[in-house]
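J.: Provided below are the primary sequence and the corresponding predicted coordinates.
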Amino acid sequence: MSTDRPSPAGARPFQAEVSRLLHLMVHSVYTEKDIFLRELISNASDACDKLRYEAIARPELIGDDARLAIRIETDKEAGRLVIADNGIGMNESELAENLGTIARSGTRAFIERLGKDGENSALIGQFGVGFYSAFMVADHIEVLSRKAGEDAVWLWSSDGANGFTIAPAPEGDAAKVARGTRITLHLKDDAKNFLEDYEIERIVKTYSDHILFPVELIGADGAAKQLNSASALWQRSKSEVKPDEYTEAYRSIAGQLDQPALTVHYKAEGRQSYAALLFVPTQRPFDLFDVERKGRVKLYVRRVFITEDAALLPGYLRFVRGVIDSEDVPLNISREMLQNNPAVAQIRRAVTAKVIGELETLANKEPKNFMQIWEIFGQALKEGIYEDFERREQLLKLARFRSTVGDDWRSLSEYVADMREGQTDIYYLVGESLDRLKASPQLEAAKERGVEVLLLHDPVDAFWTTSAPKFDGKALKSLSQGDVDLSAVPLKENATPKADPPKDVGDLISSLKAALGEEVDDVKVSQRLVSSPACLVANAHGPDRTLERMLQRQQRGLNVKPVLEINPAHPLIAAIDRARLATDLIAVDDLAHLLLDQARIVEGELPSDPARFAERLNRYLVAGLNAPNTEGRPA
């Protein structure tokens, strides 16, 4: 390759996010810089995969150069490292798109996280910006590429700081690329160790041994030495694969550096024949909560890579990484037809059942290891309770929850085994904070009777609970929605029986309804409260309060009015009743609104009119300080 580097005068600017990313790479302090080679080899492998797939319909793209491989060359004297492949290649527009932008959601958040977490270099591979990691070790990079089926060879060049240039390759350089891509790294002084054969062999063995294409190191004499096994590990028997080989395969397939928390490896024969090698990570993938909820399981057909977008697992299992290699799916199937292909649908159903079954086995045999998975991926798994009716019971059995019983996670099976005498339902409370849930007044009656309540504080909990699920024949019932009757459950020994409400409580409720008007759907005597004056609950036929708040923040709320429940035995309610009996309608109005706003604050909401709330509260505070025995409205 020519040593004359293109002038930056005609440089094209990088996308803003790429510039920030490159700044991090150029000034990198990562200790595991060798991942750059893993990333470039992975990209080269993808290019070979894409060519092999395209050549199914257009065999002329491969022509006489049918042996796809990845080659590494070193030039110690010049300080250059070359990674070349004879895959699909890129034309001018593809070079600009692939090496000048990051067309992916969440880019800014990723870069901010990467900048804060200097040691977590696994993020680079997770997010798929591996090419840019080469600037950790190189101060200048040149990329020669000829797209399969095209004549032009293009030269992309950059120092990582001043944008990039793309120009037709000089004739001498163009001759080096019959097809595919050739990347030349001009290594920094502190990265010259990556020119040593033993270092390159170590990195390839560690990260890229199971790349399906030969990775060859070209020696000084021009001889090629294959560094990887280039075999489909998933086609081998489980008994032949060592644990460290699974780890290497996981890191290569998933582009991460952690250990797999669970490995699922099996072959299926019968109506559908396929091999599956799947992994559950120990670290949360960066894209776990992307709105697209895309899976990352790769589909192969008879060892030919087809796509990573086949949706081989449902969205709630999108954290699973791995490979499924089918013997029956048509090799020339288009990506668009995959969604409706019967063979793919059968594989999807079987693999989903297998993964959930393996999680069940892990939960039973190795509960501590399962809890590590649940704490990271439980929110995603709970999406399946709402989406996957067929497996709802299985997923509910897998689910773990915080509850009012201790600080440990609880399963529904444990909950049912510990249910109180007379209890027929499983009770839960949905909210946005575990601490706020623990302090909720809606728990008071349940605590008095020793009834365990599940505390659901993940955003997804507000959705899956709307499906009215049952477990072991018992309904899951919200303590913040509809009527709740715990009278069949005996009180705990030290609990005081609740007094019956006064006979004229109906008149008080009518006064409260008149004062609050359209701000509430109804006012009722509460069966939930023991020591608090009031609480807000949802109508039995509407959305739960937490779900309604979430929808309102997205401008999708139904503006459903809450039900105000009161505790007639509480002094504040008694004071409102005295004001009613004294026909002090202004005091009733003030105290009714203070009661409602107080209930809103306990729920984590703001008063409907904060200024009016403060005015009312201040008047009653001042009156209380000046006249301790004052009843009703202050003067």
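T.: Perfect, thanks for sending it.
J.: pLDDT below threshold where in the stretch 201-350 of the chain?
T.: The model of the stretch 201-350 of the chain has pLDDT under 70 over residues 332, 334-336.
J.: mind listing the strands for it?
T.: Taking DSSP state E, counting those that start in this stretch as the criterion, the stretch 201-350 of the chain carries its strands at 215-218, 224-226, 260-268, 274-281, 296-301, 304-307, 321-326.
J.: Those strands: which one's closest to Glu366?
T.: strand 260-268 (9.4 Å; C-beta to C-beta). C-betas here are computed from N, CA, C, even on glycine.
J.: Isn't Leu508 up against Ala579?
T.: No: contact criterion C-beta atoms under 8 Å: Leu508 and Ala579 do not qualify, at 10.0 Å.
J.: Only alpha carbons, please: show stretch 596-615 as PDB.
T.: The C-alpha coordinates for stretch 596-615 follow below in PDB (Å, rounded to 0.1, in the frame of the first residue of the first chain):
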ATOM      1  CA  LEU A 596     -57.100  14.000  48.800                       C
ATOM      2  CA  ASP A 597     -53.800  15.900  48.200                       C
ATOM      3  CA  GLN A 598     -52.200  14.000  51.100                       C
ATOM      4  CA  ALA A 599     -53.200  10.700  49.600                       C
ATOM      5  CA  ARG A 600     -51.800  11.900  46.300                       C
ATOM      6  CA  ILE A 601     -48.400  12.800  47.900                       C
ATOM      7  CA  VAL A 602     -48.200   9.400  49.600                       C
ATOM      8  CA  GLU A 603     -48.600   7.800  46.100                       C
ATOM      9  CA  GLY A 604     -45.700   9.900  44.800                       C
ATOM     10  CA  GLU A 605     -47.900  12.400  43.000                       C
ATOM     11  CA  LEU A 606     -48.200  16.200  43.200                       C
ATOM     12  CA  PRO A 607     -51.300  17.900  44.500                       C
ATOM     13  CA  SER A 608     -53.600  19.000  41.700                       C
ATOM     14  CA  ASP A 609     -53.100  22.600  42.700                       C
ATOM     15  CA  PRO A 610     -49.800  22.900  44.700                       C
ATOM     16  CA  ALA A 611     -50.300  26.600  45.500                       C
ATOM     17  CA  ARG A 612     -53.800  26.100  46.900                       C
ATOM     18  CA  PHE A 613     -52.600  23.000  48.800                       C
ATOM     19  CA  ALA A 614     -49.800  25.000  50.500                       C
ATOM     20  CA  GLU A 615     -52.300  27.900  51.300                       C
END
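J.: Can you tell me the closest non-neighbouring residue to Ser273?
T.: Glu327 (4.2 Å; C-beta to C-beta, 6 or more residues apart in numbering).
J.: these two touch, right, the one you found and Arg271?
T.: No: the criterion here is C-beta under 8 Å, and Glu327 misses it with Arg271 at 11.5 Å.
J.: and the two? which has more neighbours close in?
T.: The residue with more neighbours, out of Glu327 and Arg271, is Glu327; 15 against 11, by other C-beta atoms under 10 Å.
J.: wait, what's in contact with that one?
T.: 273-274, 301-302 (C-beta atoms under 8 Å, 6 or more residues apart in numbering).
J.: Buried only: go through those residues for me.
T.: When the contacts of Glu327 are checked for burial by 16 or more other C-beta atoms under 10 Å, the buried set is 274, 301.
J.: Looking at the contacts of Glu327, spot the one nearest Val563.
T.: Val563 has its nearest neighbour among the contacts of Glu327 in Tyr274, at 53.2 Å by C-beta to C-beta.
J.: Find the nearest non-adjacent residue to that closest one, please.
T.: Tyr274 sits nearest to Ser326 (C-beta to C-beta, 6+ apart), 4.4 Å away.
J.: In contact with that neighbour, which residues?
T.: So Ser326 contacts 272-274, 299-302, 343-344, 347 (C-beta under 8 Å, 6+ apart).
J.: and if we set it to 7 Å?
T.: Each residue near Ser326 by C-beta atoms under 7 Å, 6 or more residues apart in numbering is listed here: 274, 301, 343, 347.
J.: got it, and Glu240?
T.: Per C-beta under 7 Å, 6+ apart, neighbours of Glu240: none.
J.: got the domain boundaries for this protein?
T.: Domain assignment for the chain by automatic domain parsing gives 8-226, 233-366, 371-478, 505-538+561-626.
J.: Pick out the shakiest of these, pLDDT-wise.
T.: Of all the domains of the chain, the minimum mean pLDDT falls on domain 8-226 (a mean of 83).
J.: The domains of the chain into a markdown table, with extra columns for distance to Thr496?
T.: Below are those laid out as a markdown table (distance: least, C-beta to C-beta, whole Å):
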| stretch | distance to Thr496 |
| --- | --- |
| domain 8-226 | 52 |
| domain 233-366 | 41 |
| domain 371-478 | 8 |
| domain 505-538+561-626 | 8 |
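J.: doesn't Asp64 fall inside a strand?
T.: No: counting by DSSP: H, G, I helix; E, B strand; the rest coil, Asp64 falls outside a strand, being coil.
J.: Checking Ser157 next. Helix, strand or coil?
T.: strand.
J.: Now that it has come up, it's in contact with Ser145, right?
T.: No: shown here, Ser157 and Ser145 do not form a contact pair, counting by C-beta atoms under 7 Å, at 11.9 Å.
J.: higher neighbour count, those two?
T.: Ser145 (30 against 19).
J.: Backbone torsions only: list them for the more buried one.
T.: The phi/psi pair for Ser145 (degrees, to the nearest 10) reads phi -150, psi 140.
J.: Go ahead and confirm it touches Thr181.
T.: Yes: assessed by C-beta under 7 Å, Ser145 is found in contact with Thr181 at 4.4 Å.
J.: what do the two both touch?
T.: Counting by C-beta under 7 Å, 6+ apart, the contacts common to Ser145 and Thr181 are 89-90.
J.: how about the contacts of Glu327, which pair is most distant?
T.: Longest span within these, C-beta to C-beta: Ser273 and Val301, 11.3 Å.
J.: before we move on, the earlier item: quick one, which of the domains of the chain is nearest to Asp485?
T.: For Asp485, the closest of those is domain 505-538+561-626, at 6.0 Å, according to C-beta to C-beta.
J.: all strands of the stretch 351-500 of the chain, in order?
T.: Here the stretch 351-500 of the chain has its strands, by DSSP E, counting those that start in this stretch, at 400-403, 410-411, 426-430, 453-456, 470-471, 474-478.
J.: Report all helices and strands that the fifth one contacts.
T.: Counting contacts by 3 or more C-beta pairs under 7 Å, 6 or more residues apart in numbering; DSSP states H and E, there are no secondary-structure elements packed against strand 470-471.
J.: Tell me who's in contact with Ala446.
T.: 427, 453, 479, 486.
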